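Q: the following block contains a protein sequence and its predicted model.
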Amino acid sequence: MTDLEISDLAKFSNSELIESFLDMLFLEQGLSDNTLAAYRADLDKFVRYVSGELDDKPLLTITGADVEAYLAYRVDQGLKPRSTARAMSALKRFYAHWVTKQVIAASPMTHIAQPKLSQALPKTLSEQEVEALLSAPDVEDAMGLRDKAMLELLYATGLRVTELVGLRMEQINLRQAVLLVRGKGGKERMVPMGEEALHWVEQFLKVGRAQMVKHANDFVFPSKRGIGMTRQTFWHRIKHYAMLADVKSPLSPHTLRHAFATHLLNHGADLRVVQMMLGHSDLSTTQIYTHVASERLKSLHQQHHPRA
């Protein structure tokens, strides 16, 4: 079900309306599975609220007052403002879709204000912590060599973990030391690898990969079963090496991506260059890293300036 006729709307449940909306996001806008899953989760939570608190009211008859009541409910439940802001964004897009289809005259989200958010600085690592983390894998065996290459490449390029584990052989140009990365929404970007990452990727492809690939596939970094690796598996590998390296700073799957951007800016890189390498469509998304770099400068000033 990808579209609905106005006269047929009464036949469809709230869940089916959501499925129709998600089909549109996939077919027309090419959103990733992870993004679609996030939309589904937020909309399903709203449906559960509507079912319990509003007598299963049809979604396309929801009013602004209903949404405001849902906001109050989330506050009472102690849900975080950032989570609520994401939920409101999902609802806004859902209702905008049905306005565009001329199924409803106006969105109930029109006068709903987004929760105010404090600017959350990305968690990152110091350059010394990154060095320790990247030195942790045992490169004498195939899996350790694979992990070394992946960590070096992640730090050298700022890839998202999903982009890293999904890399195919056709996306790597070893002669020019660049990657063709397919990011969010199917957008492509060229990213240089750097000498150190190139070295370890070449080593893995020459020595380790053949030992791990049991069946024909073109994943650059196969799992120990010789197939594509999941992002969850690689996240567990990062945590394993953080323990080996005695890295105490908080980690997330994006920690090395954040470290990549922050360290580039600390060493004088242009913000727009970092934006292109990260694959951000809007410069404002990248600008948060300038705050991280500024915090680093303040710390250095306080530590070393005689009058700080």
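A: That came in fine, so what should we check first? Residues are numbered from 1 along each chain as shown.

Q: may I have stretch 35-54 as PDB, with CA atoms only?
A: The C-alpha coordinates for stretch 35-54 follow below in PDB (Å, rounded to 0.1, in the frame of the first residue of the first chain):
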ATOM      1  CA  THR A  35      15.800   6.000   9.700                       C
ATOM      2  CA  LEU A  36      12.600   4.200   8.800                       C
ATOM      3  CA  ALA A  37      12.800   2.200  12.000                       C
ATOM      4  CA  ALA A  38      13.200   5.400  14.000                       C
ATOM      5  CA  TYR A  39      10.100   6.900  12.400                       C
ATOM      6  CA  ARG A  40       8.100   3.700  12.900                       C
ATOM      7  CA  ALA A  41       9.100   3.600  16.600                       C
ATOM      8  CA  ASP A  42       8.000   7.200  17.300                       C
ATOM      9  CA  LEU A  43       4.800   6.900  15.400                       C
ATOM     10  CA  ASP A  44       3.900   3.500  17.000                       C
ATOM     11  CA  LYS A  45       4.400   5.100  20.500                       C
ATOM     12  CA  PHE A  46       2.000   7.900  19.500                       C
ATOM     13  CA  VAL A  47      -0.500   5.200  18.300                       C
ATOM     14  CA  ARG A  48      -0.300   3.400  21.600                       C
ATOM     15  CA  TYR A  49      -1.000   6.700  23.400                       C
ATOM     16  CA  VAL A  50      -3.900   7.400  21.200                       C
ATOM     17  CA  SER A  51      -5.300   3.900  21.700                       C
ATOM     18  CA  GLY A  52      -5.100   4.200  25.500                       C
ATOM     19  CA  GLU A  53      -5.800   7.800  26.200                       C
ATOM     20  CA  LEU A  54      -8.000   8.900  23.200                       C
END
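
Q: and it, how far out from the chain's middle?
A: 21 Å (CA atoms, centre = their mean, to the nearest Å).

Q: just give the closest residue to residue 95, not the sequence neighbours.
A: residue 107 (3.9 Å; CB to CB, 6 or more residues apart in numbering). In short, each C-beta sits where N, CA and C put it, glycine included.

Q: the one you found is in contact with residue 96, isn't it?
A: Yes. Taking contacts as CB atoms under 8 Å, residue 107 lies within contact range of residue 96: 5.9 Å.

Q: more neighbours: these two, which one.
A: Legend: neighbour count by other CB atoms under 10 Å for residue 107 and residue 96, higher for residue 107 (21 against 13).

Q: surely residue 43 and residue 18 touch.
A: Yes. Counting by CB under 8 Å, residue 43 touches residue 18, with 4.8 Å between them.

Q: intersection of neighbour lists for those two?
A: residue 94 (CB atoms under 8 Å, 6 or more residues apart in numbering).

Q: just the mean pLDDT for stretch 131-146, thanks.
A: Mean per-residue pLDDT for stretch 131-146: 93.

Q: contacts for stretch 53-65 next, please.
A: Residues outside stretch 53-65 that contact it (CB under 8 Å, 6+ apart): 9, 14, 17-18, 46-47, 50, 66, 69, 73, 94-95, 98, 103-104, 108-112.

Q: from the chain's centre, how far out is it? Work that out for me.
A: The answer for stretch 53-65 is 31 Å, by CA atoms, centre = their mean.

Q: how about that stretch: buried residues?
A: With burial defined by 16 or more other CB atoms under 10 Å, the residues of stretch 53-65 counted as buried are 54, 59, 60, 62.

Q: with stretch 186-203 instead?
A: 191, 193, 197, 198, 200, 201, 203.

Q: got it, and stretch 232-246?
A: Buried residues in stretch 232-246 (16+ other CB under 10 Å): 234, 235, 237, 238, 241, 242, 245.
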